[in-house]
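Enquirer: Return a 3D structure for these sequence lines:
(chains A and B)
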Amino acid sequence: MDNALIRQRLQEKFGDSLLNVDEPYGMLTFEVPKDMNLKVLQFLYDDPELRFQFLTDLTAVHYPGQPGRELAVVYHLHNLVDNIRIRFKVFTSIEKPDVFTATQLYESANWMERETYDFFGINFVGHPNLRRILNVDEMTYFPMRKEFPLEDQSRIDKDDEMFGRG
Amino acid sequence: MARPVRFNVNTVPADTKNHISTAEMPPGYTGEGFFATKLSDAVGLARKNSMWPLPFATSCCGIEFMATMASHYDLARFGAERLGFSPRQCDLLMVMGTIAKKMGPILKQVYLQMAEPRWVMAVGACASSGGIFDSYSVLQGIDQIIPVDVYVPGCPPRPEGILDGFMRIQDLVGEESLRRRNSEKYSELMESYGIK
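Expert: Presented below is the predicted three-dimensional model:
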């Protein structure tokens, strides 16, 4: 099995919904509309040939320069039988970051979605326990979004002039 | 050519006759068969030469501390032979390493579990000020949640630095007034950290 076959199977099934198909560094990468993420995952999981039954990683990326599709949720899947990996993304707006949860399909998605919520604020619809996992519970923002500065803003002992920002 | 091994070929017998160091006597009156001094000095002398440190090591400063307590630098020389890993029995909390904000309440609980009198030493840049981790997840110095007596600078500090910090703690312990922990000022300090 190779990328061309996977691509062909996906295009047969989903047709024009499959966007931006590419193979950066040999890894098949594509995008689907966000309300189709579960259908694609289910197809990739159930298909007797494709068998992408291992969710390697689930995370998000913030693109502040793309109005209406600021947040991308990235899924990395692995076919352990044929040792092939693929990656696909769904984009969502930052005002309503609702994406369906993959926890019904992959147990491992539980904590990874919690982490993605913790850092990017993606609201995984249907997640059984969507609360912060790594950061303190009192945190009021999503630190990996680009509008939040990397440095701790609660610090009062820092003199901007000493850091070349006077 | 191989280097000849020349270590310890002419061993010198240890000269221990006049090299036994004892703790310095506090000021007082002495005479035939008696010695009189202040109670606080005697208590301080005893306390400072038998500290029980509780190592709270989270990262690289902890590795330096392991060297400090091992044979080469030997923290035991300062009367701190017994490292306790139970806060109830220890009187010096040594915080070594980055304390994440999520770790803050745990550190505070460990501090609260220690019995008075207790001292705190912040070892290294991270424990003292957050260090290089000026970030959303890292506590910017443990003095935001518990009072600190001695700060040891360095990233990480050398074992000599940790030993020096320990000796500064010993100075504090030796000179502390017996009434300090009952004073108004001390309870105000505790109050400012929300500790009753």
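Enquirer: ok, residue B:161 to residue B:81 distance?
Expert: Plainly put, residue B:161 is 20 Å away from residue B:81 if you go by C-beta to C-beta, to the nearest Å. For the C-beta atoms, the positions are set from N, CA and C on the backbone; glycine is no exception.
Enquirer: the more surrounded of the two?
Expert: Remark: of residue B:161 and residue B:81, residue B:161 carries more neighbours, 18 against 13, as counted by other C-beta atoms under 10 Å in any protein chain shown.
Enquirer: any bit of stretch A:128-135 sitting next to chain B?
Expert: Yes - using C-beta under 8 Å from any C-beta of the partner chain, stretch A:128-135 comes into contact with chain B via A:134, A:135.
Enquirer: gap between the two ends of that stretch?
Expert: 19 Å (C-alpha to C-alpha, to the nearest Å).
Enquirer: buried stuff in it?
Expert: Residues of stretch A:128-135 classed as buried by neighbour count (16 or more other C-beta atoms under 10 Å in any protein chain shown): A:130, A:132, A:133, A:135.
Enquirer: State which helix of chain B is the longest.
Expert: Taking DSSP state H as the criterion, chain B has its longest helix at helix B:159-175.
Enquirer: With just CA atoms, put it into PDB.
Expert: What follows is helix B:159-175 as a C-alpha-only set of coordinates in PDB (Å, rounded to 0.1, in the frame of the first residue of the first chain):
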ATOM      1  CA  PRO B 159      28.100  22.600  45.300                       C
ATOM      2  CA  GLU B 160      30.300  25.300  46.900                       C
ATOM      3  CA  GLY B 161      27.400  27.700  46.400                       C
ATOM      4  CA  ILE B 162      24.900  25.400  48.000                       C
ATOM      5  CA  LEU B 163      27.300  24.800  50.900                       C
ATOM      6  CA  ASP B 164      27.700  28.600  51.300                       C
ATOM      7  CA  GLY B 165      23.900  29.000  51.300                       C
ATOM      8  CA  PHE B 166      23.700  26.300  53.900                       C
ATOM      9  CA  MET B 167      26.200  28.100  56.100                       C
ATOM     10  CA  ARG B 168      24.200  31.300  55.800                       C
ATOM     11  CA  ILE B 169      21.200  29.300  57.000                       C
ATOM     12  CA  GLN B 170      23.300  28.100  59.900                       C
ATOM     13  CA  ASP B 171      24.100  31.700  60.700                       C
ATOM     14  CA  LEU B 172      20.400  32.500  60.800                       C
ATOM     15  CA  VAL B 173      19.600  29.500  62.800                       C
ATOM     16  CA  GLY B 174      22.400  30.200  65.300                       C
ATOM     17  CA  GLU B 175      21.400  33.800  65.900                       C
END
